[in-house]
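In: Attaching a predicted model along with its sequence, questions to come.
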Amino acid sequence: MAPEEIRTVIIDILGDIAPDEDLSSLDDAVPFRDQLELDSMDFLDIVMELRKRYRVQVPEEDYPALNSMASTVEYLTPKMADVVAT
Amino acid sequence: MISYPAPDQLPDDQRVVITGFGLTAPNGNSPAEFRAGLLEGRSGVQDYEIRYFGKTLAGICDFEVKRHQTRKDARRGTRAGSVGIYCANEAILDAGFDLENLDKTRIGVYVGVTEHGNVETESEIHEIKGFDYDTKFWSHHHNPRTVANNPAGEIALNMGITGPHYTIGAACAAGNAGLIQGLQMLRLRECDLALAGGVSESIHTFGIFAGFASQGALATHEDATKASRPFDINRNGIVVAEGGCLYTLERLSDAKARDARIIAEIVGYGMNTDATDFVLPNSERQAQCMRMALGRAGLKPEQIDVVSTHATGTGMGDTLEIAAVREVFGKSEKTRVNNAKSFIGHTMGAAGALELAGNLMGFSDGVVHPTINLDDVDPECDMPQLVKNQPQEIGQVDYILNNSFGMLGINSALVVKRV
């Protein structure tokens, strides 16, 4: 998957986790928590959804990489390079 | 039983009154809708299908979840939590409270449940089945969704209530048990306002359908609306239903001080145990339970206008309850006997609270709702006081006795008085 496809995946997951939020104006450089009402259980949802949908494992020590959209996409790009977009 | 003075001998700060209630039932999402359904003979039972079990029937609610809950919280929580949140917020509104101006440290949340956690556990097992039962795919939401206090805790979270919250696990006596707990906590001054009653999410667990079917106790009928038929000779079991009903309970002194509309006073209650069988009820203990409630209320059977029965539509259960009702009320000509499950099915943990709610408006309209689907009354279940198929106007309703019984031989009876 290319970075832009990974971003679309994350937006899709966020849409499920935070259905009351407007994700259209998300600033990729700003931490998720500064613009969305997300808590630690929500971040675990992101980790779980990546595991369920793409078998991507995000170990606990890497959770800080999920801070913002930009950092998340950067972190996942090598991990999801071989994943084929559906 | 500790002897307790009759309510009219008690000071106002030991008398507990109902000042509001919110509900969702398979045939109505407000007290007025529910009552209208009961007087118009409108069933809430529908065709239903659930995974593994397949096609069956159920009482299904269609309340507006988003009225009092964000979509995010509804997704994170449980159906029982959503039912409870809806009912609690509606009760607060019905009682004329402004939630923001209440002392939330002094509100207690007491929610009766028949069972809790089955829905989520079944869902997670179903989910990991798709991953070869690898538990790495088991949700981190499972524990907060399945802890036994979940529905009460979700209500407290939603409303910012910081007083005590917990559920009362009492099988199908839970709705009454929730109310009794609220009353007791008010008398003990553990809270100043109790949100009390019961909820059910049981239609979302296939296990309850499968369990009743294996027991030979799940209702079937080609017409869903005819399936729940307590006391009818052709009854063949229980219709599982979801629902909820929570009341605002206050001490009479507090209700008077804020000039609240007082709907009813809880003047008596009884809870006891059969200690005879896992599932089969015990008439003698049920009769004792009703007499305990009457005794606490300082009332004779002849003073009760309406007995709201628990009967679920099973062969033995209905017969045994009627035997108990006959034993206590057989000589009381004015007492009327009815049943709400014939309309909505068995709402499990909500049943006691919802069925009381269905009768409460009798205090203002003087009408007793019927038991429907009584096409051919079982002689074993018949009694002259049974209100069959059509509502009866009896003039004035002063006292209602509300039965609610459950598995493992748990019995409850509540007596409420018109104020």
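Out: Looks like it came in fine. Residues are numbered from 1 along each chain as shown, chains lettered A, B, ... in the order given.

In: so how far is B:E333 from B:I304?
Out: 12 Å (CB to CB, to the nearest Å). (Glycine included, C-beta is placed from N, CA and C.)

In: wait, I meant A:E60
Out: A:E60 is 72 Å from B:E333, where distance means CB to CB.

In: residues contacting the residue in the stretch 201-350 of chain B positioned nearest to chain A?
Out: Here the residue of the stretch 201-350 of chain B nearest chain A is B:H204; by CB to the nearest CB that distance is 19.4 Å. Contact analysis of B:H204 by CB atoms under 8 Å, 6 or more residues apart in numbering or on different chains lists B:50, B:79, B:119, B:242.

In: same thing but at 7 Å, please
Out: B:79, B:119 (CB atoms under 7 Å, 6 or more residues apart in numbering or on different chains).

In: same check, this time on B:Y247
Out: So B:Y247 contacts B:18, B:20-21, B:91, B:179, B:196-197, B:353 (CB under 7 Å, 6+ apart).

In: just to revisit the earlier point, next, give phi and psi for the residue of the stretch 201-350 of chain B closest to chain A.
Out: With angles defined as degrees, to the nearest 10, B:H204 sits at phi -100, psi 0.

In: what residues does chain A put near chain B?
Out: Proximity of chain A to chain B is confined to A:18-20, A:41, A:44, A:48, A:51-52 under the rule CB under 7 Å from any CB of the partner chain.

In: mind listing what residue 18 touches?
Out: You didn't pick a chain, so chain A it is. Contacts of A:A18 by CB under 7 Å, 6+ apart are A:36-38, A:42, B:72.

In: oops, chain B please
Out: Applying CB under 7 Å, 6+ apart to B:I18 gives the contacts B:247, B:249, B:263-264, B:266.

In: Between the contacts of B:Y247, which sits nearest chain A?
Out: Among the contacts of B:Y247, B:A91 lies closest to chain A (CB to the nearest CB), at 24.4 Å.

In: quick revisit: out of the contacts of A:A18, which is most surrounded?
Out: A:L38 (20 neighbours; other CB atoms under 10 Å in any protein chain shown).

In: now that residue, what's its secondary structure?
Out: Using DSSP: H, G, I helix; E, B strand; the rest coil, the structure places A:L38 in coil.

In: For it, give me its contacts.
Out: Residues in contact with A:L38 (CB under 7 Å, 6+ apart) are A:18, A:32.

In: Over to A:L14?
Out: A:L23.

In: Report pLDDT for residue 77.
Out: Because you didn't say which chain, this covers chain A. Note on A:T77: pLDDT of 98.

In: oops, chain B please
Out: Residue-level pLDDT assigned to B:G77 equals 98.

In: excluding its backbone neighbours, what's nearest it?
Out: B:E154 (4.9 Å; CB to CB, 6 or more residues apart in numbering or on different chains).

In: ok, and the most crowded of the contacts of B:Y247?
Out: Most neighbours among the contacts of B:Y247, by other CB under 10 Å: B:A196, with 37 neighbours.

In: Wait, a helix at it?
Out: No - applying three-state DSSP, one finds B:A196 to be strand, outside a helix.

In: What confidence value was assigned to it?
Out: For B:A196, pLDDT reads 99.

In: Quick check: bridge partners of it?
Out: In this entry, B:A196 is beta-bridged to B:Y110, B:Y247, by DSSP bridges.

In: Was I right to think it contacts B:T248?
Out: No - with contact defined as CB atoms under 7 Å, B:A196 and B:T248 do not form a contacting pair (8.3 Å).

In: From A:D42, how far out is the closest residue to chain B within chain A?
Out: The nearest approach of chain A to chain B comes at A:P19, 4.1 Å away (CB to the nearest CB). A:P19 sits 12 Å away from A:D42, going by CB to CB.
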